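>>> Give me coordinates for this.
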Amino acid sequence: MFSKLVSRNSRRSRKENGLYFGSLFISVIAFYMVLSLPGQDVMIFLKKMESDAVNKLMALLPVFFGAALFILFFLIYYASRFQMERRRHEFGVYLMMGMRRTRLFLMLLAEDLRNSIGTLLAGLPAAVLLSELVSLVTARLVGIGLIGHQFSFSWKAAVWTVAGFVMIKLAAFLLLSGRISRQEIGSLLADAPETVKKQLPPAVYALSAAAGIICLAFAYRKAAREVTWYAIGQMGLTVVLGLAGTMLLFQGLRFWIGLLVKSGKKDAKLHIFNVRQIHETVIRRSGTMAVCSLLILASLCCFGAGVAIARFYGESESHVLDYTFQDADRENDVSRIRQRLKDTGLEQQFADLFEMKTGRVRKEENTRQTFQMESVMDALRGLPPSMDRDVLLNNFSYTEDPYLIPLSCYNHLLQAAGISGLRLDAGEAAVYMSTAFTTPERIQILNQILKTGPQVLLDGEPYRLTGGIQTTNLVTDRSITLSFALILPDEVFESFTKGNYDVYLNGILARDAKKQSSLMTAISQMNQQLDEAGLTYESYLQNMGRQLFYMVAASYLTIYLAIIFLIIANTVIGVQFLMSQRRSGRRYRTLVHLGASYEALCQSAKKQIFWYFGIPVAVAACSSLFGVRALFTGILPTAARGDLPEMMAVSAVMVVVLCVAECIYMAAVKRSSDKYLLSLMVPEREE
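A predicted model of the protein is given here:
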């Protein structure tokens, strides 16, 4: 009999509160996926390239998991409290009929364990399948290929997922069961009284809303400034302004909602009732709504920024070179490398091997400044004041001894990239700048100046700068970058460097080597052969490894946090509304006695749900446009700033996707509300 009662109550709880159990199901999936990250193909590959960085990232995963458990505990406690409050009368009846409190405690514990086990049994297989799907997609995108993928099940991730989930569920249950066990039978049988919050004059709410908007405007303005992210005091002030602005805005929304709702159709069914319910909901729960809106804002920002960053790091670098070699003993001679490749038979696996030279002006005495570009500086000073102009002026003030690049080497690189080569006449030079040290906006400014052909002095000799800014990477690895260099004709380069320069040998694999397997596999196999040959090299995998690490660190974790925040915020909003609706049960019963139909009550509840969900979501969606922009300012490298419009567009799409998820949550709450209203249509016995 006891087991049947537990089974029946468990099924009824899952059926009546599907929103809550659905959130727990998604949480189990999120927990397993982040904990199983070390076993995914992309992370195994990254350990070979960026072992130190990956180890630091893996060390942070328990911190993220612990923080998520801490936040989810309050969600479980809050939602379980709603379930307990909903069954107060049921518990009172059990006790009145002679059930001992220890028996009641065991029954509730058995129900909770049964529901927890059911959630885990459903969530873990789904988590494993979804984790494998993500691993397959990632492997395909980064070039591992389906053949290189191996199925992996992380027992450690599964154990920690089960342990963490059961721990917070049990802690929340013990706290709530203690509250129930201390209550008398009479208090359990009686309906919980409705709380009333003191109302302030409408002018106070109007001023509060205006102050909130002003605080948010200042917060967004400060967050979008790059300097804010490097000053703790400025960032602290920005956060305080944002939090205070959101709280004040929701505190003052009562005035504006009143005007908006009262402007509706006065002859609509239950209009006055809806107005009162919405007003009281906003007044009593403005703090909760503000917190949920902040959580939704964090979710929208993390998800939008995470997807956009992943897309940027996946496509930001054009792949031209596969290898770069350098002779550690004789830096200006790569003939030994060519000979070693020929002796080992590896030369045939390269479609192209060409030299890349870089050097500086060599002179006997340091009697004067090597490089002067006053014409360019004067042109910059004549531009309207802006951050880009000031940065360029500051950077160019240190270009006293730039690197030099021979024209033939750079044209060979452009040919490999499928770009037309440069042409320089006597007395002309082109400018090279790595994208790691500049932005497209600054390049555009410089290109406008270069169109005028400004004259510069290199070791006292005049040269005219021509063409546009060149940005194609000189070698394979991004760690070898030049912030500013001049491209000169070969004879001029030899004259200035006096034969003292660095030489790199760039290599591009043959198409046949790439066709036999994926690019990543082909380079990995070539790495093994080069290691056996004793050659020093940098491969495309080093560059790809860094990009993948940034993608994982910046996108995987932000998307994970976005899911957690979204689950918590929506579940709290939904449970809060259902609790408020049940506390207003007497009002709905009164409407039923007065002749209100079930359809009219459902329509009224749908309007209330729309307002209760819509307000936090609308505020969060508007704020996310500024929040995502601020995140990009703080966490994106300088080279990525030029893609901000495209990345903002991707983020906007992700915001719309999450808003669709909000509609799904609203539909689930509406279903629960309709079921509760249907139960009120049955006449209640007077006891």
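
>>> hey, which helix is longest across this protein?
helix 101-142 (DSSP state H).

>>> and the direction of the next helix-or-strand element following that one versus that of helix 101-142, what angle?
Going down the chain from helix 101-142, the next helix or strand is helix 155-181, by DSSP states H and E. With axes from the mean of the first three to the mean of the last three Cα atoms, to 10 degrees defining the directions, helix 155-181 sits at 150 degrees from helix 101-142.

>>> Looking at helix 155-181 now, give me its mean pLDDT.
Average pLDDT, helix 155-181: 81.

>>> Report all helices and strands that that helix contacts.
helix 18-35, helix 51-86, helix 101-142 (3 or more Cβ pairs under 8 Å, 6 or more residues apart in numbering; DSSP states H and E). Every residue, glycine included, has its C-beta placed from N, CA and C.

>>> what is the orientation angle of the longest one with helix 51-86?
Per the same axes, to 10 degrees, the angle that helix 101-142 makes with helix 51-86 is 140 degrees.

>>> hang on, the earlier thing: hey, least reliable of the helices and strands packed on helix 155-181 by pLDDT?
Across the helices and strands packed on helix 155-181, helix 51-86 gives the lowest mean pLDDT, at a mean of 71.

>>> Just the pLDDT at the most centrally placed residue in the chain, thanks.
In the chain, the C-alpha nearest the mean C-alpha coordinate belongs to residue 306, at 2.7 Å (Cα atoms, centre = their mean). What the model reports as pLDDT for residue 306 is 70.

>>> List the residues that contact the spatially closest residue to it that is not a sequence neighbour.
Leaving aside its chain neighbours, residue 306 sits nearest to residue 558 (3.5 Å; criterion: Cβ to Cβ, 6 or more residues apart in numbering). Residue 558 is in contact with 302, 303, 305, 306, 309, counting by Cβ atoms under 8 Å, 6 or more residues apart in numbering.

>>> thinking again about what came up before, return the most buried member of the helices and strands packed on helix 155-181.
helix 18-35 (a mean of 22; mean count of other Cβ atoms under 10 Å).

>>> if we can go back for a sec, give me the helices and strands touching the longest helix of the chain, please.
Going by 3+ Cβ pairs under 8 Å, 6+ apart, helix 101-142 lies up against helix 2-16, helix 18-35, helix 41-49, helix 88-96, helix 155-181.

>>> re the thing from before, tell me which element the residue nearest to residue 306 falls in.
Counting by DSSP H and E, residue 558 is part of helix 557-583.

>>> repeat for residue 356
Applying DSSP H and E, one finds residue 356 within strand 350-358.

>>> same question, residue 532
Using DSSP H and E, residue 532 falls in helix 519-533.

>>> ok now that helix, how far from the chain's centre?
In terms of Cα atoms, centre = their mean, to the nearest Å, the centre of helix 519-533 is found 34 Å from the chain centre.

>>> And the next helix or strand past it?
Where DSSP H and E defines the elements, the next helix or strand beyond helix 519-533 is strand 537-539.

>>> Name the spans of the stretch 301-450 of the chain whose pLDDT lies under the cut-off.
Applying pLDDT under 70 to the stretch 301-450 of the chain picks out residues 307-318, 328-332, 364-368.

>>> Now do the strands in it.
Here the stretch 301-450 of the chain has its strands, by DSSP state E, counting those that start in this stretch, at 323-325, 350-358, 371-372, 403-406, 428-432.

>>> Would you list the strands that the second one pairs with, along with their directions?
The one in question is strand 350-358. Strand 350-358 pairs in its sheet with strand 502-509 (antiparallel), by DSSP bridges.

>>> which residues sit against the partner strand?
Residues from elsewhere that reach strand 502-509 (Cβ under 8 Å, 6+ apart): 320-327, 331-334, 337-338, 349-359, 413, 416, 474-476, 480, 522-523, 526.

>>> Filter these down to the buried ones.
320-327, 334, 337, 349-350, 353-354, 356-359, 413, 416, 474-476, 480, 522-523, 526 (16 or more other Cβ atoms under 10 Å).

>>> Stretch 481-488 spans what distance, first to last residue?
The separation between the terminal residues of stretch 481-488, taken as Cα to Cα, to the nearest Å, is 18 Å.

>>> got the angle for the next helix or strand after the helix holding residue 558 vs helix 557-583?
Downstream of helix 557-583, the first helix or strand assigned by DSSP H and E is helix 585-593. Helix 585-593 runs at 60 degrees relative to helix 557-583, counting by the same axes, to 10 degrees.

>>> can you give me the helices for the stretch 301-450 of the chain?
Per DSSP state H, counting those that start in this stretch, the stretch 301-450 of the chain carries helices over the ranges 335-343, 374-381, 387-396, 407-416, 440-450.

>>> give me every residue that touches residue 376.
Residue 376 touches 396, 446, 449, 454, 456, 465, counting by Cβ under 8 Å, 6+ apart.

>>> Would you mind putting these into CSV with distance to residue 493 alongside?
What follows is the contacts of residue 376, written out as CSV (distance: Cβ to Cβ, whole Å):
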residue, distance to residue 493
396, 22
446, 22
449, 24
454, 21
456, 16
465, 16
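
>>> Can you tell me the SS state at residue 658?
helix (DSSP: H, G, I helix; E, B strand; the rest coil).

>>> count of residues packed around it?
Using other Cβ atoms under 10 Å, residue 658 is surrounded by 20 other residues.

>>> residue contacts, it?
Contacts of residue 658 (Cβ under 8 Å, 6+ apart): 299, 300, 303, 562, 566.

>>> a strand runs through the first one, doesn't it?
No: read with three-state DSSP, residue 299 is helix and lies in no strand.

>>> Go ahead and confirm it touches residue 560.
No: counting by Cβ atoms under 8 Å, residue 299 does not reach residue 560; the two are 10.8 Å apart.

>>> which of the two has more neighbours?
residue 299 (28 against 22).

>>> contacting residues for that one?
Counted by Cβ under 8 Å, 6+ apart, residue 299 has contacts 561, 562, 563, 565, 566, 569, 620, 658.

>>> One more: residue 348?
So residue 348 contacts residue 510 (Cβ under 8 Å, 6+ apart).

>>> what number of residues lie near residue 246?
24.

>>> Next: residue 453.
Residue 453 - counted by other Cβ under 10 Å - has 12 other residues nearby.
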